[in-house]
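Engineer: How does the following fold in three dimensions:
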Amino acid sequence: MAEEYRIAIYARYSTDLQNPASLADQVYVCRKLIEQHFPGAEIVGVYEDAAISGVTMERPGLLDLLDRILNGELDVVVSEGLDRISRNLSDMARIFNLCSNERVRIYTAHEGEVGEVHVGFKGTMNALFLRDMRDKVRRAHKSRAASGRAPASVSFGYRVLRGVLDDRGNYINGLRTIHEPEAEVVRRIFTALADGIPARSVMKLLNDEGVPAPSGGRWGLTSILGTPGRGTGILQNELYRGELVYNRTRKVTDPQTGRSRYVVNPQAEWIRTPVPELRIIDDELWERAHASRRRNKPAERAKPGRRHSKVPHEPRGIAYALTGLVFCGACGGLKSLAQKGRYVCENNRRSKTCTNARGTTTQALGDRLFVRLIGSLHEEKNLRAQILALIETKLQEERARRRKIDQLNKRMTHLLDLVEQGAPSKSAAQRIAAIQAEIDDLLDYPPVPNIDLSERAIKKRMAEALTVISATLLDRRMAVPVRQSLAELVENIVLTPIPHERRGEDVEIKLRPGGWASFYVYLHSAWPGGGEAKLGRPEPKAAA
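Structural biologist: Next comes the predicted model:
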């Protein structure tokens, strides 16, 4: 009888083509299918995978579903389509064979009851369609780049130029226009670097002035220096010199884990297009900034014959959690970690222009810092209101972006349906490529947290985060996330020699106004989850 069937529903969406509401839509379709073919049957589970590609088997929901099949707990698996279960031909064949061996039937809204013919034909079509669509999108992007239009996200210093029509009356995507306030920041950065000012000092100056970074938050060294091969960061973006470069990198996905990484393509495959109307700086300033940067690299500044450790005391990036936050009270210069783990004045150590030769250890600074932070957190009032005020504008912008992305995804899905029904794939692929490029422009923003906790819960979470940060302050592997977290709270730490004493320094800690709200937002965007997992540390194993 139908009532004896034990049925599980499987739903999945990929960020490439669909939105989160797709899961509910798929489950609704599956329930209707069950009512039609298995009236009165028991639905023993609904398994979902959100924002995970169908080309990998490493999906929590799918793995749980397969475990129940292997345990003999299911009779039927229902999904919207075979492509929801897997887009990989070999993986789909493995899943089908597993179900066949366990006498579990597969039903989908698109294919009905799935058999070997469906797996072979539909799986092959899915794989070919994906490859063909990727090629067509890539060709469309290359064509756009060759015509001087940006195929991807909007760089800092520019805005999307909308409302321009071609000869046929269609909107032209990929056009950019210079945003002068941000362009002036770009000129300041290049000029400062060209004049020999260290990138760390430029970063601090911008943060002190409250200039928003490309992400909308605080500036980091990576935002300024970037990665030369990938062309990221302000210093490496050749669009500022009036040249659009496309196809620098390609995205490679591990079929086992589903994790993606970017690989730099050979320069012969790069597409370079002059766009003089988008030039922000001249070639002379570009060359001076890069030449100055090369001169300032530690390897080129090293003294001949001096032996260097693999991990130098003063790397160009962030190697210690308090890097860039500690200053000398005698001269105002930066203090860095040196001999015996003490923070000493750079001006005294290198040029002897400061008389302060005293130092304070990281442990001593950390103890003072976290006592101050915990006390400040307990005294803070109306944190929830501060956080909501901080992110309200971002939330409004994100809602508008999500609405636009939802509209574009619906158009994308409609076009894909038309292709499946026999519509000309060439014209559809061109329209899909244009829509995908517009979606890419809208997706290039940091997430905004959803504040749904009480005042007490907010303080509890931040206190837990401070405990984790305190425990990892001396762990150099965690220097970057800890440093970025502290930068949301701490303006600076000033160490001043104690008068009339031969040793010791007074410690003055200046916190940022509104820093707790920024800290909480940063926790949500950079450390999703909770506890020590936020810092990438392994969870402790349960006792046997």
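Engineer: From now on I want contacts and neighbour counts done on CA atoms only, so please keep to that.
Structural biologist: Will do.
Engineer: The stretch 151-300 of the chain: helices as residue ranges?
Structural biologist: Taking DSSP state H, counting those that start in this stretch, the helices of the stretch 151-300 of the chain run over residues 180-194, 199-208, 221-225, 283-295, 298-301.
Engineer: among those helices, which is nearest Ala50?
Structural biologist: Closest of the helices of the stretch 151-300 of the chain to Ala50 is helix 221-225, at 29.6 Å (criterion: CA to CA).
Engineer: So what touches the closest one?
Structural biologist: 189, 199-200, 203, 213-214, 232-236, 317 (CA atoms under 8 Å, 6 or more residues apart in numbering).
Engineer: thinking again about what came up before, same list, the helices of the stretch 151-300 of the chain, but as TSV with mean pLDDT and mean neighbour count please.
Structural biologist: Output for those, formatted as TSV (pLDDT from 0 to 100; neighbours: other CA atoms under 10 Å):
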stretch	mean pLDDT	mean neighbour count
helix 180-194	92	18
helix 199-208	87	18
helix 221-225	85	18
helix 283-295	86	16
helix 298-301	40	11
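Engineer: Nearest to Arg6, out of the ones you listed?
Structural biologist: Using CA to CA, the nearest of these to Arg6 is helix 221-225, at 52.7 Å.
Engineer: Where does pLDDT dip in the stretch 251-400 of the chain?
Structural biologist: 251-260, 296-319, 339-340, 393-395 (pLDDT under 70).
Engineer: What are the buried residues along the host helix or strand of Lys459?
Structural biologist: Using DSSP states H and E, Lys459 maps to helix 455-471. Residues of helix 455-471 classed as buried by neighbour count (16 or more other CA atoms under 10 Å): 458-459, 461-463, 465-470.
Engineer: got the contact list for Ala213?
Structural biologist: If you count contacts by CA under 8 Å, 6+ apart, then Ala213 has 219, 223 around it.
Engineer: how near is it to His290?
Structural biologist: 21 Å (CA to CA, to the nearest Å).
Engineer: just Glu42 next, same as before
Structural biologist: 67 Å.
Engineer: And Glu438, by the same measure?
Structural biologist: For Glu438, the distance to His290 equals 32 Å [CA to CA].
Engineer: got a list of what Gln363 touches?
Structural biologist: Gln363 touches Leu474, counting by CA under 8 Å, 6+ apart.
Engineer: helix or strand for it, which one?
Structural biologist: Short version: Gln363 belongs to helix 362-379, going by DSSP H and E.
Engineer: which parts of that helix are buried?
Structural biologist: Buried, per 16+ other CA under 10 Å, within helix 362-379: 362, 365-366, 369, 373.
Engineer: how far does it sit from the chain's center?
Structural biologist: 30 Å (CA atoms, centre = their mean, to the nearest Å).
Engineer: can you check stretch 159-174 too?
Structural biologist: With CA atoms, centre = their mean, you get 29 Å for stretch 159-174.
Engineer: buried set for it?
Structural biologist: Within stretch 159-174, judged by 16+ other CA under 10 Å, the buried ones are 159-160, 172-174.
Engineer: same check, this time on stretch 476-489
Structural biologist: Buried-residue list, stretch 476-489, by 16+ other CA under 10 Å: 478-489.
Engineer: So what touches that stretch?
Structural biologist: Taking CA under 8 Å, 6+ apart as the rule, stretch 476-489 contacts 318-323, 325, 469, 472-473, 511-512, 515-516, 518-519, 522-523, 535.
Engineer: Buried ones among those residues?
Structural biologist: 318-323, 325, 469, 472-473, 511, 515-516, 518-519, 522-523, 535.
Engineer: before we move on, back to that, could I get the helix holding Gln363 in PDB with only the CA atoms?
Structural biologist: Taking C-alpha atoms only, helix 362-379 is exported to PDB below (Å, rounded to 0.1, in the frame of the first residue of the first chain):
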ATOM      1  CA  THR A 362      53.200  41.200  24.200                       C
ATOM      2  CA  GLN A 363      51.900  39.200  27.200                       C
ATOM      3  CA  ALA A 364      52.000  42.300  29.500                       C
ATOM      4  CA  LEU A 365      50.200  44.400  26.800                       C
ATOM      5  CA  GLY A 366      47.700  41.700  26.200                       C
ATOM      6  CA  ASP A 367      46.800  41.400  29.900                       C
ATOM      7  CA  ARG A 368      46.300  45.200  30.200                       C
ATOM      8  CA  LEU A 369      44.400  45.300  26.900                       C
ATOM      9  CA  PHE A 370      41.800  42.600  27.700                       C
ATOM     10  CA  VAL A 371      41.200  43.900  31.200                       C
ATOM     11  CA  ARG A 372      40.400  47.300  29.600                       C
ATOM     12  CA  LEU A 373      38.200  45.700  26.900                       C
ATOM     13  CA  ILE A 374      36.200  43.600  29.300                       C
ATOM     14  CA  GLY A 375      35.600  46.600  31.500                       C
ATOM     15  CA  SER A 376      34.600  48.700  28.600                       C
ATOM     16  CA  LEU A 377      32.200  46.000  27.300                       C
ATOM     17  CA  HIS A 378      30.400  45.800  30.700                       C
ATOM     18  CA  GLU A 379      30.000  49.600  30.900                       C
END
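Engineer: quick one: the strands in the stretch 101-250 of the chain?
Structural biologist: 105-108, 112-113, 158-160, 176-178, 243-246, 249-253 (DSSP state E, counting those that start in this stretch).
Engineer: Least confident of these, on average?
Structural biologist: Of all the strands of the stretch 101-250 of the chain, mean pLDDT reaches its minimum on strand 249-253 (a mean of 69).
Engineer: Just say helix, strand or coil for Glu392.
Structural biologist: Using DSSP: H, G, I helix; E, B strand; the rest coil, the structure places Glu392 in helix.
Engineer: what's the distance between it and Val164?
Structural biologist: In terms of CA to CA, Glu392 sits 31 Å off from Val164.
Engineer: Which residues are in contact with Gln95?
Structural biologist: Careful, residue 95 is Ile; it's not Gln. Going by CA under 8 Å, 6+ apart, the list of residues near Ile95 is empty.
Engineer: Same check on Tyr240?
Structural biologist: Contacts of Tyr240 by CA under 8 Å, 6+ apart are 278-281.
Engineer: roughly how far apart are it and Leu415?
Structural biologist: On the measure of CA to CA, Tyr240 and Leu415 end up 36 Å apart.
Engineer: repeat for Leu383
Structural biologist: Counting by CA to CA, the gap from Leu383 to Leu415 is 46 Å.
Engineer: Same check on Val185?
Structural biologist: Applying CA to CA to Val185 and Leu415 gives a distance of 41 Å.
Engineer: got it, and Pro266?
Structural biologist: Where Leu415 is concerned, Pro266 sits at a distance of 34 Å (CA to CA).
Engineer: More neighbours: which of the two?
Structural biologist: Leu415 (19 against 11; other CA atoms under 10 Å).
Engineer: My understanding was that the more buried one contacts Ile432; is that so?
Structural biologist: Yes: using CA atoms under 8 Å, Leu415 makes contact with Ile432 at a distance of 7.2 Å.
Engineer: residues touching Leu322, list them.
Structural biologist: Leu322 touches Arg483, counting by CA under 8 Å, 6+ apart.
Engineer: The residue lying closest to Val326 once chain neighbours are set aside: what secondary structure?
Structural biologist: Distances taken as CA to CA, 6 or more residues apart in numbering put Ile493 closest to Val326, at 4.7 Å, once the chain neighbours are dropped. What three-state DSSP gives for Ile493 is strand.
Engineer: got it, and Val46?
Structural biologist: Reduced to three states by three-state DSSP, Val46 is strand.
Engineer: Ignoring the adjacent residues along the chain, who's closest to it?
Structural biologist: Using CA to CA, 6+ apart, the closest residue to Val46 is Ile9 (4.7 Å).
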